[in-house]
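Participant: sequence-free structure coming up:
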């Protein structure tokens, strides 16, 4: 069975601080995809990144960076120099493309609160 | 706007009534998913369509729930004899062909059963 754990329920930071969100996953599959989504107060889930299990290169996109470590089954997300607009709930998700039609297994989410 | 749209955005209904939600996916996407999200939780998978075929249903989808996707375009999710436990955000997502399996979500329909 697949499982995604986001142990941090809420993180509060002051603007310009860095914030790292942890994601640990469990799967018996060798081929899988990992995702991060952002859910701002408006409620719509916004796709941020997809990473497949064969690509362990870290990725940076602007102030966002992701650290994928297969050895520890983790896919952590860092926001550098946080801004108030980063306040949202962030979800990590796992998908097995081979037998589950790509459905996403989400973690419980981490609420990020950025104060000025 | 070429994103996923959902209608209505909010629905308040009395226990025992039937409700129907609509989802219009991104036009070129052949995959369509329904998820349910309760307060403080991540979305949970309900059902999946590949074109017009419903290929998987979660055990969360009781007999009171039914989903359709006629002609492989928009989809509807109907809940019959609503219960207070059905109160949640119902999210629709769509994805294109190929093997990327990215899903793009609509704004959701928030259902409140009183």
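Facilitator: Thanks, I have the structure now. Everything numeric in this text was worked out from a predicted model, so none of it was measured.

Participant: how about the residues of chain B near chain A?
Facilitator: Within chain B, the positions adjacent to chain A are B:31, B:33, B:35, B:40-45, B:48, B:50, B:55-56, B:89, B:91, B:93, B:95, B:99-108, B:110 by Cβ under 8 Å from any Cβ of the partner chain. To be clear about C-beta, it is placed using only N, CA and C from the backbone, and glycine gets the same treatment.

Participant: okay, the closest residue to chain B within chain A: pLDDT?
Facilitator: Taking Cβ to the nearest Cβ, chain B has its nearest neighbour within chain A at residue A:106, 3.1 Å off. Residue A:106 carries a pLDDT value of 96.

Participant: burial measure for it, as a count.
Facilitator: 21 (other Cβ atoms under 10 Å in any protein chain shown).

Participant: gap between it and residue B:91?
Facilitator: Per Cβ to Cβ, to the nearest Å, residue A:106 is found 10 Å from residue B:91.

Participant: Overlap in contacts, these two.
Facilitator: When contacts are counted by Cβ atoms under 8 Å, 6 or more residues apart in numbering or on different chains, residue A:106 and residue B:91 are jointly contacted by residue B:43.

Participant: Output the contacting helices and strands for the strand or helix carrying residue B:11.
Facilitator: Using DSSP states H and E, residue B:11 sits in strand B:10-13. Strand B:10-13 sits against strand B:19-24, strand B:109-113, with contacts defined as 3 or more Cβ pairs under 8 Å, 6 or more residues apart in numbering or on different chains; DSSP states H and E.

Participant: Specify the angle between the last one and strand B:19-24 in degrees.
Facilitator: Our comparison of strand B:109-113 with strand B:19-24, counting by axes from the mean of the first three to the mean of the last three Cα atoms, to 10 degrees, yields an angle of 180 degrees.

Participant: What pairs with strand B:109-113, parallel or antiparallel?
Facilitator: strand B:10-13 (parallel), strand B:88-95 (antiparallel) (DSSP bridges).

Participant: what distance separates that strand from the middle of the whole chain?
Facilitator: Distance, stretch centre to chain centre, for strand B:109-113: 12 Å (Cα atoms, centre = their mean, to the nearest Å).

Participant: tell me the mean pLDDT for it?
Facilitator: Mean pLDDT, computed over strand B:109-113, is 98.

Participant: what's next to it, contact-wise?
Facilitator: Counting by Cβ under 8 Å, 6+ apart, A:43, B:6-15, B:19, B:21, B:79, B:82-90 sit against strand B:109-113.
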